[in-house]
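>>> kindly return the folded structure for what I paste below:
(one chain, ligands or ions: 1)
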Amino acid sequence: MGVTMHLVPEEEQILEGEYGETRQKMLEILVALGKVFGAERLVPIQSAQVSGASYKTVGEAGLEWIRRLDARVSVPTVLNPVGMDRVSWRDMDISPEFARKQEEVIAAYARLGIRLECTCTPYYIYQTRFGEHLAWSESSAVAYANSVIGARTNREGGPGALAAAIIGKTPEYGLHLVTERRPEIHISVKVGLTEKLADSAWFGALGYHIGKIVGNRIPLISGVRPNRGQLKALGAAMAASGAVALFHVAGITPEARIFSYNGADLETIDVFAEEVMAIRHEIPVDAVALGCPHCSSEELGVIAGLLLGKRVKIPLYIFASRNVIEGNRDLVTTIERSGAKVYADTCMVVSPAMERFGAIMVNSGKAFAYVPTMCRASVRIGTTEECVQVATTLNRP
Ligand code: F3S
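So this is what the prediction gives:
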């Protein structure tokens, strides 16, 4: 684009190698990205989240690359979910070879000062505030940070997020600029659908439908009043079926009111109940998986309440970050008393453990989008209550 980035003296010195080869290489990555996307400068970030953490995706070459890095991160940084629960991997039928390699990847990241928390919900770990710049990479976390919190992050690739974590800055382009955060299409959710959307699963279904319509455009959604959990489900699904990194919900999300919206400015698409609910196919399943994105404390509470005094008849897996699990030991005990399993560090999509099932029931629009390809299984979506019911009763539609 021919834009020259303005670098401060310290950045110039890093580029000249005065702070070591790793920092020099990391800043070169950021400057190259900035030039491609027309950034004029780097902005300081508050935290980073690095993808490319599962050995399934990193592989030997990636592991060697991370091992050669010789620097520490400058801001709080977490990893995306990896391929297994780091404590209970045997229980997940993970092979010792995979577990050893996965631990080598994690150890290589730990040497850089990255927190050994592997989660797609860094917002349950870091207090993230409106207007802060971040370098996060997992698509649902990016959608949540931008839309629900009003923080600013592009969807970083693994090397870009790691470079930003080490330098503590990211190029200022895309969603870091307020001018790039305006709604680009209006989605009007019609009466008739809103009453059905009581459960997060149906916000996931709505997001799955909207994502297909909008692609990578920024939608302004009207006609719904989701809470935070429902916004999480909505954004995760839109990021999966489309490539939505920021959305606004009229009267709900923090920036919806900043952009003075006049309906005539934007293409408007009406969304009706039948289109969204067409996602529902009541096929028999042989496992149920909850926690995509990773469960909040409230979601663990709901699941524990539904499982109280019951036994599971088919595998029921629940995924959450380790800090949420550690903070809710009583709920986890109640859940596990039913025979269900609560796993940290990993998820139903990135772990090879889910590949042994032929059909999986989920309560997430994002998981609905990914399970067929990533787990090579058929998928069914239902509310959390329906998922628990299927897991604890007969495996029938
Ligand atoms: Fe998180 Fe895995 Fe879903 S990374 S958003 S639980 S696919």
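
>>> what is the burial count for the residue lying closest to Tyr126 once chain neighbours are set aside?
Setting aside the residues directly before and after it, Tyr126 is nearest to Ser47 in space (CB to CB, 6 or more residues apart in numbering), at 5.0 Å. Just so you know, the C-beta spots here come from the backbone N, C-alpha and C atoms, and that holds for glycine as well. The local packing of Ser47 (other CB atoms under 10 Å) involves 26 other residues.

>>> which strand or helix spans the closest residue to Ser241 other than its chain neighbours?
Of all residues not flanking Ser241 in the chain, Gly211 sits nearest, at 3.4 Å (CB to CB, 6+ apart). Using DSSP states H and E, Gly211 sits within helix 200-214.

>>> buried residues in that helix?
For helix 200-214, the buried set under the neighbour-count rule, 16 or more other CB atoms under 10 Å, comprises 200-211, 213-214.

>>> average model confidence for that helix?
For helix 200-214, mean pLDDT rounds to 95.

>>> hmm, it in reach of the ligand?
No. Between helix 200-214 and the ligand, judged by CB under 6 Å from any ligand atom, nothing touches; the nearest distance is 10.5 Å.

>>> which helices and strands does that helix pack with?
strand 185-189, helix 228-241, strand 268-271, helix 273-277, helix 365-370, strand 378-381, helix 384-392 (3 or more CB pairs under 8 Å, 6 or more residues apart in numbering; DSSP states H and E).

>>> could I get the ones you listed as TSV with mean pLDDT and distance to the ligand?
Compiled in TSV, the helices and strands packed on helix 200-214 are given as follows (pLDDT from 0 to 100; distance: least, CB to the nearest ligand atom, whole Å):
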stretch	mean pLDDT	distance to the ligand
strand 185-189	94	21
helix 228-241	97	5
strand 268-271	95	23
helix 273-277	88	20
helix 365-370	97	5
strand 378-381	96	12
helix 384-392	96	15
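
>>> switch these over to CSV; also include mean neighbour count.
Output for the helices and strands packed on helix 200-214, formatted as CSV (neighbours: other CB atoms under 10 Å):
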stretch, mean neighbour count
strand 185-189, 20
helix 228-241, 27
strand 268-271, 14
helix 273-277, 16
helix 365-370, 27
strand 378-381, 21
helix 384-392, 21
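
>>> wait, which of those is closest to Ala320?
helix 228-241 (12.7 Å; CB to CB).

>>> quick check: Glu172 touching Leu42?
Yes. Using CB atoms under 8 Å, Glu172 is in contact with Leu42, at 6.8 Å.

>>> residues that sit against both of those two, list them.
Common contact partners of Glu172 and Leu42 (CB atoms under 8 Å, 6 or more residues apart in numbering): Gly34.

>>> and the two? Which one has more around it.
Each of Glu172 and Leu42 has its neighbours counted (other CB under 10 Å); Leu42 has more, 23 against 19.

>>> ok, now which ones touch that one?
Contacts for Leu42 (CB under 8 Å, 6+ apart) come out as Met5, Leu7, Glu11, Leu30, Gly34, Ile167, Lys169, Thr170, Pro171, Glu172.

>>> tell me the secondary structure of the residue of the stretch 1-150 of the chain found nearest the ligand, please.
Residue of the stretch 1-150 of the chain nearest the ligand, by CB to the nearest ligand atom: Cys120 (3.1 Å). Under DSSP: H, G, I helix; E, B strand; the rest coil, the three-state class of Cys120 is coil.

>>> tell me the residues of the stretch 201-350 of the chain that contact the ligand?
Taking CB under 6 Å from any ligand atom as the criterion, the stretch 201-350 of the chain approaches the ligand at residues Ala236, Cys292, Pro293, His294, Phe319, Cys347, Val349, Val350.

>>> which ones among the residues you listed map onto strands?
With DSSP state E as the criterion, strands contain Cys292, Pro293, His294, Phe319 from among those.

>>> wait, the third one sits on Cys347?
Right, His294. Yes. Under the contact definition of CB under 8 Å, His294 touches Cys347, with a separation of 6.9 Å.

>>> now render the ones in strands among the residues of the stretch 201-350 of the chain next to the ligand as a markdown table, adding neighbour count and distance to Gly52.
A markdown table is the format used below for those (neighbours: other CB atoms under 10 Å; distance: CB to CB, whole Å):
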| residue | neighbour count | distance to Gly52 |
| --- | --- | --- |
| Cys292 | 28 | 19 |
| Pro293 | 30 | 18 |
| His294 | 28 | 18 |
| Phe319 | 29 | 19 |
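
>>> out of the residues you listed, give me the two with the largest separation.
Using CB to CB, these reach their maximum pairwise distance at Pro293 and Phe319, which is 8.7 Å.

>>> which non-adjacent residue is nearest the residue nearest the centre of the chain?
Using CA atoms, centre = their mean, the residue of the chain that lies closest to the mean C-alpha position is Ser140, 3.1 Å off. Of all residues not flanking Ser140 in the chain, Ala236 sits nearest, at 3.5 Å (CB to CB, 6+ apart).

>>> and the one you found, what does it touch?
With CB under 8 Å, 6+ apart, Ala236 has these contacts: Ser139, Ser140, Ala143, Tyr144, Gly204, Gly207, Cys292, Pro293, Ser364, Gly365, Lys366.

>>> okay, and Arg182 sits in which element?
Per DSSP H and E, there is no helix or strand for Arg182.

>>> count of residues packed around it?
16.

>>> what's near enough to touch it?
Shown in contact with Arg182 (CB under 8 Å, 6+ apart): Ile218, Phe259.

>>> ok, now with 10 Å
For Arg182, the contacting residues are Ile218, Leu220, Leu246, His248, Glu255, Ile258, Phe259, Tyr261, Asp265, Leu266, by CB atoms under 10 Å, 6 or more residues apart in numbering.

>>> same check on Ala391?
285, 287-290, 306-307, 310-317, 338-340, 361.

>>> of these, buried ones?
Buried among the contacts of Ala391 (16+ other CB under 10 Å): 285, 287-290, 306-307, 310, 312, 314-317, 338-340, 361.

>>> which ones among these map onto helices?
Leu306, Leu307 (DSSP state H).

>>> show me the buried ones among the contacts of Ala391 that map onto strands.
Ala287, Val288, Ala289, Leu290, Leu316, Tyr317, Met361.

>>> circling back to that earlier point, so which of the ones in strands among the residues of the stretch 201-350 of the chain next to the ligand comes closest to Asp85?
Closest to Asp85, out of all of those and judged by CB to CB, is Phe319, at 8.9 Å.
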